[in-house]
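Engineer: Have a look at this prediction, sequence included:
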Amino acid sequence: MDLSLIQKDILITLISLYHQHSHPVKGDDIANIIKRNPGTVRNQMQALKALGLVDGVPGPKGGYHPTAEAYKELNIKPTDDEAEVTIKKDGEVIKGIKVTEIDFTTLCHPDLCHSLIRIIGNVRNFAIGEEITIGPTPVNKLMIRGEVFGRDEIQGALLISISEMTSLPKKSIRHYMSAPLISMAPETSIHEAITICNRHKIHGAPVIMGEELIGIVTLTDIIKAIDRNLPLDTPISTVMTHEVIEADGDTRLYEVIRRFKEREIGRLIVVEDGKPVGILTQSDIIRVFPTL
């Protein structure tokens, strides 16, 4: 079937809006997005209906929705349980855009790595020269970062020059944590804490009373206490950080990476059955994933 550029534009936008809202889409909404006259969109919708690509729903809450043939025509799988593969600009997910296919066009080139990214959504949301991040993909947790250098409105695709490509580790954090856990008691003195950190070459440790995690003390906390001229026999319970970031041992490593960045933390405590069993630090992550 040989669709015109405007027909493909309308159809891609219709599918994108329908996926977002799960109800019939007004022609005026499509016209606003693709910057076309609403009358032009309505005329093209009649042609798309005649081709069996669009169905109309009458009434005040009616509109249009794509048929199965529309997905076939654009080579898109309409599976409801598909994983979402997103695109980000400046760390923010672009709503209404979903990646459906990644084709590497210059994978074997010695100097270049280009890719064609097919999307559901309007390619005009992206400007030439913009930096975008794609992923993670559902199986291999592939993350791609690159610069847009072209847009193919007929295929609904972006052409990007890849600057970084990484597959995120999929194992749970219990495989990467440091264990057995080195901890301190609340009555441990600042001097003893310094000795423990030096002996084990660590920069911080959880503070545990019985089996309860009550805080965490770091070298930063100790340095601040010394700057305040606190005696070295001061118990660490007076200088520790009470808010402790925890994560279950079953949590995937890639799921906690964002937590490290957003909370600006250097470590978190790994718990199992409510009890602390290990510690995961930025150094542990960097050893596994050096591009972070």
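Structural biologist: Thanks, I have the structure now.

Engineer: quick one: the helices in the stretch 51-200 of the chain?
Structural biologist: With DSSP state H, counting those that start in this stretch, the ranges of helices along the stretch 51-200 of the chain come out as 68-73, 190-200.

Engineer: which stretch in these is the model least sure about?
Structural biologist: Least confident of the helices of the stretch 51-200 of the chain, judged by mean pLDDT, is helix 68-73 with a mean of 83.

Engineer: Of all the helices of the stretch 51-200 of the chain, which one is nearest residue 15?
Structural biologist: Nearest of these to residue 15, taken as C-beta to C-beta: helix 68-73 at 6.6 Å. In this view, the C-beta of every residue, glycine as well, is placed from N, C-alpha and C.

Engineer: Pull out the buried positions in the closest one.
Structural biologist: Residues 70-71, 73 are the ones in helix 68-73 that count as buried (16 or more other C-beta atoms under 10 Å).

Engineer: Which member of those is positioned nearest residue 244?
Structural biologist: Nearest to residue 244 among the buried residues of helix 68-73, with distances taken as C-beta to C-beta, is residue 71, at 47.9 Å.

Engineer: where does the protein have low pLDDT?
Structural biologist: Across the chain, residues meeting the criterion (pLDDT under 70) sit at 22, 77-83, 154, 289-292.

Engineer: Name the residues that touch stretch 136-152?
Structural biologist: 83, 85, 102, 114-116, 123-124, 126-135, 157-170, 254 (C-beta atoms under 8 Å, 6 or more residues apart in numbering).

Engineer: In TSV: the helices of the stretch 51-200 of the chain, plus distance to residue 61.
Structural biologist: Converted to TSV, those look like this (distance: least, C-beta to C-beta, whole Å):
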stretch	distance to residue 61
helix 68-73	21
helix 190-200	65
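
Engineer: Residue 232 is nearest to which of those?
Structural biologist: Comparing the helices of the stretch 51-200 of the chain by C-beta to C-beta, helix 190-200 comes nearest, at 4.0 Å.

Engineer: which helices and strands does the closest one pack with?
Structural biologist: strand 204-209, helix 219-227 (3 or more C-beta pairs under 8 Å, 6 or more residues apart in numbering; DSSP states H and E).

Engineer: and the angle from that helix to strand 204-209?
Structural biologist: 130 degrees (axes from the mean of the first three to the mean of the last three C-alpha atoms, to 10 degrees).

Engineer: need the contact list for residue 125.
Structural biologist: 94, 96-97.

Engineer: Try it again at 7 Å.
Structural biologist: 94, 97 (C-beta atoms under 7 Å, 6 or more residues apart in numbering).

Engineer: can you check residue 178 too?
Structural biologist: Each residue near residue 178 by C-beta under 7 Å, 6+ apart is listed here: 278-279, 284.

Engineer: Buried ones among these?
Structural biologist: Buried residues within the contacts of residue 178, counting neighbours by 16+ other C-beta under 10 Å: 278-279, 284.

Engineer: what would those look like in CSV with distance to residue 214 and secondary structure?
Structural biologist: Below are those laid out as CSV (distance: C-beta to C-beta, whole Å; DSSP: H, G, I helix; E, B strand; the rest coil):
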residue, distance to residue 214, secondary structure
278, 17, strand
279, 15, strand
284, 23, helix
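
Engineer: which among these gets closest to residue 239?
Structural biologist: Nearest member of the buried ones among the contacts of residue 178 to residue 239, counting by C-beta to C-beta, is residue 279, at 18.7 Å.

Engineer: ok, that closest one touching residue 269?
Structural biologist: Yes - in this structure, residue 279 is within contact of residue 269 by C-beta atoms under 7 Å, at 5.8 Å.

Engineer: Where does residue 40 sit, in terms of helix or strand?
Structural biologist: Assigned by DSSP states H and E, residue 40 falls within helix 38-50.

Engineer: now do residue 256
Structural biologist: Counting by DSSP H and E, residue 256 is part of helix 253-263.
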